[in-house]
Each structure stands twice: as structure tokens, then as C-alpha cells.
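Undergrad: what's the 3D shape of this:
(one chain, ligands or ions: 1)
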Amino acid sequence: MDIKLSDAAEQYRARVRSLLAQELPADWRGIAALSPEEREQFDRTWREFLVEQSLLAPGWPSEYGGGGLDITSHSVVAEEFARAGVPQHVLLTDPVGMTLLGPTVLHWGTEAQKQYFIPRTLSAEIRWAQGYSEPEAGSDLFGVRTRAVLDGDEWVVNGSKIWQTAGAHANWIFALVRTDPEAPKAKGLSFLLIPYDQPGVEVRAIKTMDGGAELAEVFFDNARTSADNLVGGAGNGAKVALTLLGFERGSGGIALALATKLELLRLRDAMRSFGVDDVTLRRRLADCWTSVHVMHCLALRNLTVAASGRPPGPESSISKVMMSEYRKRVTELAVDILGPRALTPTGMPSKVNLGPQPLGVDADSSTAWVADFLHARPGTVYGGSSEIQRNTIGEQVLGLPREPRPVPATKAG
Ligand SMILES: Cc1cc2nc3c(=O)[nH]c(=O)nc-3n(C[C@H](O)[C@H](O)[C@H](O)COP(=O)(O)OP(=O)(O)OC[C@H]3O[C@@H](n4cnc5c(N)ncnc54)[C@H](O)[C@@H]3O)c2cc1C
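TA: Below you'll find the model as predicted:
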């Protein structure tokens, strides 16, 4: 399958390719092939280069510092970067700012919010964490209990959030908070932007099973934020939150489909390198190849919707469930191909946690494959679990009757 985008997008692709060819050394093998020292040096200048060339957020309006291009050009940049093995997001918080908060503020924010937050997100002066989940509100997102009360021209926030990806690297959090406890569950929520740098905010890292501390908890104890930092109006938080989740679930697009294809080719090379030629494993590899093509088609469909100016709707759950379930399948296959090698991993470490490794990771690195296997586990949980995605697809895409919801404990007798 070789589907071409518009002529303008293909011309832009040629421009991006030539820009990358000028910028990268002739012996470039992909970002993952760099040593830690080389990588540190690369990262120091690469983000600046992206901002200067309007490649960090090519699809954002130029009046706020974006590239002023259409969504298709944005997709072309991401795809060419995956092909060349260079990152579009340098900081750990970049995916949260660029994929989630930025598009949401551009969609729902006031002019003043766009002018303040968008350029600062691009420059990384503001680095975002996503504050949706709470200890008692994950799948039941609209059950959040963190409260915000207006006090003069400031909101006062009390409560806590959990599982913030890159939360310890952020300096602001966007949080779904309850501003009207009397209103029905979803109607009493608002979407609030809160700075970390104040006595009322405490951030604690969470240690994960791979030994990392990529997640965090955030506690609010009379934390304050300006009344101007409410996005979408008081009581409209559920709608704003769903718009952002649409961006989250449909994120990745064609670039992610390409990255999964490159990953699968690396797995094929691993199979060859280990001399594994089992017919069942070969069939599973072929089955994964089919899924990669389906995900590419889905990404093209999502791009068509986005190009028409519509924010992603409940259909984004289809991409989310397919990609996250696929990543479990392909990394389980990798571990089966490794066999006993998976128990004593050797070779270069993995370079990214969530999603396929960028170009430059050795195919026969069992360390990287085992890390991918572990990191694929939470994919069917974060951004909404697979069960929740299937409910969304059933109810909101296919129009099936609503799943029976749990009866509140007080009424259950
Ligand atoms: C790696 C990682 C990163 C994350 N990053 C962030 C982040 O940056 N910001 C943030 O706010 N949150 C983040 N989360 C939290 C994530 O959004 C929640 O874990 C997720 O929404 C599930 O909520 P929960 O953990 O409370 O599980 P629960 O909601 O308690 O669910 C437990 C189980 O019950 C099932 N279940 C629940 N309700 C239903 C239902 N109605 N029908 C069928 N099955 C159901 C679920 O599918 C799941 O299997 C992250 C999580 C992980 C693992």
C-alpha cells in the first residue's frame, strides 16, 4: 500500500527530508545509536533547532509561535522524523505539552490563554503534567474529588492526583477539578492550569517495576492559581477533558504506524540473528505485519478527520485499543523469539519507555526487547483502559445500549 498525500504535503516532505539531510551527520544511524554523552549533546541543540525551524509544532498557528501549517504537514514532519530516527519530542514532558495541552488550549482557550501558554509550552518555560487520575478516580474519571474554590481572583485547590507521566519533570499541571459539588457528577468539573512553584503543591515520584521513577503523585494543600487559568469555563471541564483525551487516544498517527513497522522489521532481524525459524513464530510475525497495515489505514482516516478541522471524537478509542493491544502482542512475540535469552538480557538498553524504540537500537539487544515487553503492559491502562475504550466504541461509535453502571454503595443496601 502506498497512499500519497496532497502535492503540497509531498513537497513539504521533500523540504523536511532535505533539511534533515543537511542537519544530520553523513554516518547517522538513528538517535538510539548515540552514546549517552553524544545524546546529551544532541538534545541540547536539537530542541532549539526544532523551535527555530518551526518543526516542534508545525501545525500550530504562527501567531502563537507554531509553524502555521496544516495538520497534514504536521503529520509529514512526524513521519519523516520517525523514518530518519530523530526525535520530535526532546524533553520527557514534551509529548504532554505538544500532543495534549497545546491542542486543547488552542481549541478551548481564550485569546489571552493562547497567547500566554502556547509560546511558553513551545519554549519549555512551561512543562506540563496531566492531572486527571486520582486514587479513587481512574476509569471513573468524572468521579474526581480534588476541589477548587474561587477566592477573589484565585482558585484554591485541595486534593491529590496520581500517575502523572513525567510528573517530576513538569512545572505546571493541568487538572480536572470539582468546582461545583452540588452539580451532577460531570457538570461540576472544571479544567484548571496550576503552577507547581508554590508551597501548596508537593510532587512525589513513584517507583515502577522497571526500577524507573517516570510517574509521580501531586498533592494540593491550599494551592493557588489565577482565576484566569480555567480553560473552557467553569463547569465545562468534562467536555474539555474529553477533547484532550481524543487528542491523547488518537495521537501518534502515521508516524506511530511507521515506527511500529520499523520495530517489526527489527524483530524480523532479531529472529534471523538468533536463527529462530519456528513456523508458529513466523505466523505470529505475519499477523503483526497485518495489524501494522490496519493501523496505518486507521491513522490515514484519523488524519482525514483532523484535516477537516474536527477535533478527534470517540473514534479515537479504536486507534488507542488497537495500538495498545498490538504492542502487548508484538512484545510478547519478541520475548518468545528470545526464549531463554529473555531471562538473562544483554545488549544495549532501550531508549524510550512508551512506544517502539527509535532507529539505532540493535535488533539482537535482548535488554531492549525485555524492556519493551514490560513497558507495553501499562499501555492498555493509561489513557483509559481497553475495557473503557471498548465501552466507548460500543456506546458512542456503534450506538449500542449503555453498559450497566455500578450501583452506588449507599443504594445497594
Ligand atoms: C504508565 C501510566 C501512565 C499514566 N499517566 C497518567 C497521567 O499522566 N495522568 C493521569 O491523570 N493519569 C495517568 N495514568 C492513569 C490512568 O489514566 C489510569 O490508570 C486509568 O485510567 C485506569 O484507572 P485506574 O488505574 O484507577 O483503574 P480502575 O479504574 O480502578 O480500573 C481497574 C480495572 O477495572 C476495569 N474497569 C473499570 N471500570 C470499568 C467499566 N465501567 N467497565 C469495564 N471495566 C471497567 C478497568 O478496565 C481496569 O481493568 C497513567 C497510568 C499508567 C499505568
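Undergrad: what helix or strand is A175 on?
TA: Counting by DSSP states H and E, the element that carries A175 is strand 172-178.
Undergrad: Touching, T165 and Y382? I think so.
TA: Yes: using C-beta atoms under 8 Å, T165 is in contact with Y382, at 7.2 Å. All C-beta atoms are positioned from the backbone trio N, CA, C, and that covers glycine.
Undergrad: The two: who's more crowded?
TA: Taking neighbours as other C-beta atoms under 10 Å, T165 and Y382 compare with T165 leading, 20 against 17.
Undergrad: Show me what the more buried one is bridged to.
TA: Beta-bridge partners of T165, counted by DSSP bridges, are L215.
Undergrad: what's it in contact with, if anything?
TA: By C-beta atoms under 8 Å, 6 or more residues apart in numbering, the contact list for T165 reads V96, A129, Q130, E214, L215, L354, Y382.
Undergrad: thought the last one was touching W163?
TA: Yes: using C-beta under 8 Å, Y382 and W163 qualify as a contacting pair, with a distance of 7.2 Å.
Undergrad: and stretch 246-261, anywhere near the ligand?
TA: No: in terms of C-beta under 6 Å from any ligand atom, no part of stretch 246-261 sits within range of the ligand; the closest distance is 9.2 Å.
Undergrad: Could you list the residues in contact with that stretch?
TA: With contacts defined as C-beta under 8 Å, 6+ apart, stretch 246-261 is touched by 75, 78-79, 81-83, 88, 95, 99-100, 103-104, 292, 295-296, 298-300, 302-303, 306, 311-317, 319-320, 323, 326-327, 330, 355-356, 358, 383-384, 389.
Undergrad: Can you give me the distance of the closest residue to the ligand within the stretch 1-150 of the chain to I162?
TA: Per C-beta to the nearest ligand atom, G138 is where the stretch 1-150 of the chain lies closest to the ligand, at 1.9 Å. Here the criterion is C-beta to C-beta, to the nearest Å. By it, G138 lies 8 Å from I162.
Undergrad: among the helices and strands of this structure, which one scores worst on average pLDDT?
TA: Ranked by mean pLDDT, DSSP states H and E, the weakest helix or strand in the chain is helix 409-412, scoring a mean of 53.
Undergrad: for the ligand, what are the nearby residues on the chain?
TA: Checking the chain against the ligand by C-beta under 6 Å from any ligand atom, the hits are 130-133, 138-139, 163-165, 215, 378, 381-382, 384-385, 387-388, 391, 403.
Undergrad: Which of those are buried? Put it as a ChimeraX command.
TA: Buried subset of these, written as a ChimeraX selection, criterion 16 or more other C-beta atoms under 10 Å:
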select :130,131,132,133,138,163,164,165,215,378,382,384,385,388,391
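Undergrad: Could you tell me what pLDDT the model assigned to the residue of the stretch 1-150 of the chain closest to the ligand?
TA: The model reports G138 with a pLDDT of 92.
Undergrad: same check, this time on A78
TA: Note for A78: predicted pLDDT of 89.
Undergrad: Just give the closest residue to it, not the sequence neighbours.
TA: The shortest distance from A78 to any non-neighbouring residue, by C-beta to C-beta, 6 or more residues apart in numbering, is to A255 (3.5 Å).
Undergrad: residue ranges of the strands in the stretch 1-150 of the chain, please?
TA: Per DSSP state E, counting those that start in this stretch, the stretch 1-150 of the chain carries strands over the ranges 128-131, 147-151.
Undergrad: what's the longest helix in this structure?
TA: helix 279-307 (DSSP state H).
Undergrad: so K351 makes contact with A33?
TA: No: look at K351 against A33 with C-beta under 8 Å: they stay out of range, at 9.4 Å.
Undergrad: which stretches of the stretch 201-350 of the chain have low pLDDT?
TA: For the stretch 201-350 of the chain, the stretches with pLDDT under 70 are 250-251.
Undergrad: Where does it get nearest to the ligand, which residue?
TA: Nearest residue of the stretch 201-350 of the chain to the ligand: L215, at 5.8 Å (C-beta to the nearest ligand atom).
Undergrad: First-to-last residue distance for stretch 47-62?
TA: Chord length of stretch 47-62, first to last residue, is 18 Å (C-alpha to C-alpha, to the nearest Å).
Undergrad: what's the answer for stretch 21-41, then?
TA: Terminal residues of stretch 21-41 lie 19 Å apart, using C-alpha to C-alpha.
Undergrad: just stretch 175-186 next, same as before
TA: Termini of stretch 175-186 sit 14 Å apart (C-alpha to C-alpha).
Undergrad: Strands along the stretch 151-300 of the chain, start to end?
TA: 154-165, 172-178, 189-195, 201-206, 215-226, 230-231.
Undergrad: Nearest to S62, out of those strands?
TA: When the strands of the stretch 151-300 of the chain are compared by C-beta to C-beta, strand 230-231 sits nearest S62, at 21.7 Å.
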